[in-house]
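Provided below for reference: sequence and predicted model.
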Amino acid sequence: MGLYKLALARKRYYNESQADLPPEMQDQNINQRAPGASKRVEPHLMGLKGIFAVQSLVWIYFATFIPALVYPGANGPVYQRLLRDIFSVPFWNGSLISSFFVFLSLRTVGITYLRKPSSTTYAGTLVRRIIRMMLLLSIASGIATGMVTSMGGGFVDEFKARLPNNSFPTPGVPYNGIAAANSIFDLFWLTTDFSTQAANRFWPSATLWAPAVIYYESFTIYIIMVVMPYTRPAWHWQVLALFALGSFWYQSWGWYAATALALADAASNATLSAEIKLGLKLRKGTRVPTWAVSALVFAIGLALKYFTTIVPRFEHSLLVLHPFLDLSQSQTPSTFAAQGPYPRLDDYLIIAGFFAAMESLDVIKKILSARILVSIGERAFSESSQHPVVK
């Protein structure tokens with residue numbers, strides 16, 4: 001009886017949402033896939049993942065052998081610092097690459113369930129992702145930790161002194177196998193301080209915090225997405241916007257997760273996909289193309305990113321926009337920044353602007369769906385795991 005009432009409520013909300021669409025876009029099922037959507041993860045997302053897998057390799061190489069191209073405080077010729085200021089943002093910026101991987105992974109978490117909402121697809125999304133992440137990260141971390149332990153931390157210190165390169169951190173060495181195993185176990189239980197926990201310090205490039213963030217924020221999406229197919233589509237973005245605003249205030253990764261879920265919802269819901277194609281509604285009969293708004297957001301983020309890259313002393317200046325850090329008795333913007341990587345506003349604006357434009361322009365999807373990019377993207381996780389080990 002309860003399921004019957006839920007189905008009736010779902011149908012009623014859907015019928016109400018149809019009134020907001022032009023006649024030619026009505027009479028579509030609330031869970032109908034958006035035009036062009038495939039049963040599996042969209043190929044353009046795989047292609048985008050492939051691009052950033054290559055960029056992560058470039059970043060690892062430069063951070064190891066040519067640190068002046070990556071780190072503002074590293075010693076190096078003037079031309080290397082100029083190259084860093086000009087080209088690092090679009091091609092090998094560490095925080096932007098990590099943020100893109102986090103956002104892209106969160107964008108694909110709920111797409112299967114949103115396209116075909118059922119208890120089976122929900123359980124499959126939840127269980128398969130957890131098992132895969134735990135298994136792959138445990139194997140990769142075990143291999144990396146074993147190699148560092150066998151060589152010893154002194155080997156890395158000697159390499160840094162000869163190069164010289166004192167910019168990247170020396171990986172930690174666990175004192176026994178139990179400590180190494182506990183660090184991996186802890187990776188899936190943390191809710192804060194992702195970059196300071198032991199598994200990340202044992203990882204050669206100290207980037208294992210990103211999968212930990214992805215794993216943690218995936219549960220944010222699991223909890224929210226379960227009710228989305230059974231509510232009015234017009235409410236989705238309103239609720240997600242409020243959630244993003246609250247997490248932005250608190251300065252957690254929730255605003256990344258909420259935006260990624262909103263874009264996944266738009267890609268899988270015919271009603272919301274049509275709204276994106278029509279553009280942003282300002283008043284009755286007046287709309288602004290989505291690509292124009294996206295381009296503006298992207299440009300603002302790019303300008304902020306270049307500013308903080310060229311003038312490193314302002315790298316953490318945007319933290320003043322998060323009120324919680326000033327109101328908290330245990331945190332300040334400076335102490336928060338010192339704890340390690342965090343969700344940056346400039347990265348967010350670049351990523352959100354690009355993804356919104358990609359959802360509204362098929363030409364971008366076509367370019368990113370190139371076979372070679374998709375092929376690299378399908379192996380992105382293993383490639384990204386190998387780069388620090390090879391380093």
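The structure has been received and is ready for your questions.

Any idea how many residues pack against the residue lying closest to Val288 once chain neighbours are set aside?
Using CB to CB, 6 or more residues apart in numbering and skipping residues adjacent in sequence, the residue nearest Val288 is Leu280, 4.6 Å away. (Glycine included, C-beta is placed from N, CA and C.) The tally of other residues near Leu280 (other CB atoms under 10 Å) stands at 15.

ok, Leu280 - contacts?
Applying CB atoms under 8 Å, 6 or more residues apart in numbering, we find Leu280 in contact with Arg287, Val288, Pro289, Thr290, Val293.

Show me where the stretch 151-300 of the chain has its strands.
For the stretch 151-300 of the chain, the strands defined by DSSP state E, counting those that start in this stretch occupy 280-283, 286-288.

Would you reformat the ones you listed as a markdown table and include distance to Thr207 and mean pLDDT?
As requested, the strands of the stretch 151-300 of the chain are exported to a markdown table (distance: least, CB to CB, whole Å; pLDDT from 0 to 100):
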| stretch | distance to Thr207 | mean pLDDT |
| --- | --- | --- |
| strand 280-283 | 36 | 78 |
| strand 286-288 | 38 | 85 |
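
Same list (these) but as TSV, adding distance to Pro164.
Listed next are these as TSV, based on distance: least, CB to CB, whole Å:
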stretch	distance to Pro164
strand 280-283	52
strand 286-288	52
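
I'd like to know which of the ones you listed is closest to Glu378.
Ranking those by proximity to Glu378 (CB to CB) places strand 280-283 first, at 33.9 Å.

Pull up the pairing partners for the closest one, direction included.
Neighbouring strands of strand 280-283 in its sheet, by DSSP bridges, are strand 286-288 (antiparallel).

Now do the partner strand: distance to the chain's middle.
30 Å (CA atoms, centre = their mean, to the nearest Å).

before we move on, back to that, let me know the closest of the contacts of Leu280 to Ser119.
Taking CB to CB as the measure, Ser119 lies nearest Thr290 of the contacts of Leu280, at 33.8 Å.

Quick check, pLDDT for that closest one.
pLDDT for Thr290: 89.

Spit out the contact partners of it.
Thr290 is in contact with Ile276, Lys277, Gly279, Leu280, Ala356, Ala357, Glu359, Ser360, counting by CB under 8 Å, 6+ apart.

how much space is there between it and Ala266?
Here Thr290 is placed at a distance of 10 Å from Ala266 (CB to CB, to the nearest Å).

Common neighbours of those two, please.
The contact sets of Thr290 and Ala266 overlap at Ile276, Glu359 (CB under 8 Å, 6+ apart).

ok, the closest residue to Phe194 other than its chain neighbours - contacts?
Leaving aside its sequence neighbours, Phe194 sits nearest to Trp209 (CB to CB, 6+ apart; 3.9 Å). By CB under 8 Å, 6+ apart, the residues touching Trp209 are Phe194, Ser195, Gln197, Asn200, Gly340, Pro341.

before we move on, back to that, which one of the contacts of Leu280 is nearest to Gly47?
Comparing the contacts of Leu280 against Gly47 with CB to CB places Thr290 closest, at 20.6 Å.

what about that closest one, distance to Thr207?
33 Å.

Next: Leu245.
Distance from Leu245 to Thr207, counting by CB to CB: 29 Å.

Could you do Leu263 as well?
Distance, Leu263 to Thr207, by CB to CB: 24 Å.

Also Phe65?
Remark: distance between Phe65 and Thr207 (CB to CB) = 17 Å.

of the two, who's got more company?
Between Phe65 and Thr207, counting by other CB under 10 Å, Thr207 is the more crowded of the two (22 against 11).

one step back: Produce a ChimeraX select command limited to the buried residues of the contacts of Thr290.
Only the buried entries of the contacts of Thr290 go into this ChimeraX selection, using 16 or more other CB atoms under 10 Å:
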select :276,277,279,356,357,359,360
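
List the ones among the contacts of Thr290 that fall in helices.
Per DSSP state H, helices hold the following members of these: Ile276, Lys277, Ala356, Ala357, Glu359, Ser360.

Now do the buried residues in stretch 219-235.
Buried, per 16+ other CB under 10 Å, within stretch 219-235: Thr220, Ile221, Tyr222, Ile224, Met225, Met228, Pro229, Thr231, Arg232, Pro233.

One more: stretch 269-279?
Asn269, Ala270, Thr271, Leu272, Ser273, Ala274, Glu275, Ile276, Lys277, Gly279.

quick one: contacts for the fourth one?
Counting by CB under 8 Å, 6+ apart, Leu272 makes contact with Pro233, His236, Trp237, Asp265, Ala266.

what's the closest non-adjacent residue to it?
Spatial nearest neighbour of Leu272, chain neighbours left out: Ala266 (4.2 Å); criterion: CB to CB, 6+ apart.

and the one you found, how many neighbours?
26.

And the pLDDT for the nearest residue to Ser247 once chain neighbours are set aside?
Of all residues beyond its chain neighbours, the one nearest Ser247 is Gly254 (2.8 Å), with distances taken as CB to CB, 6+ apart. pLDDT for Gly254: 93.
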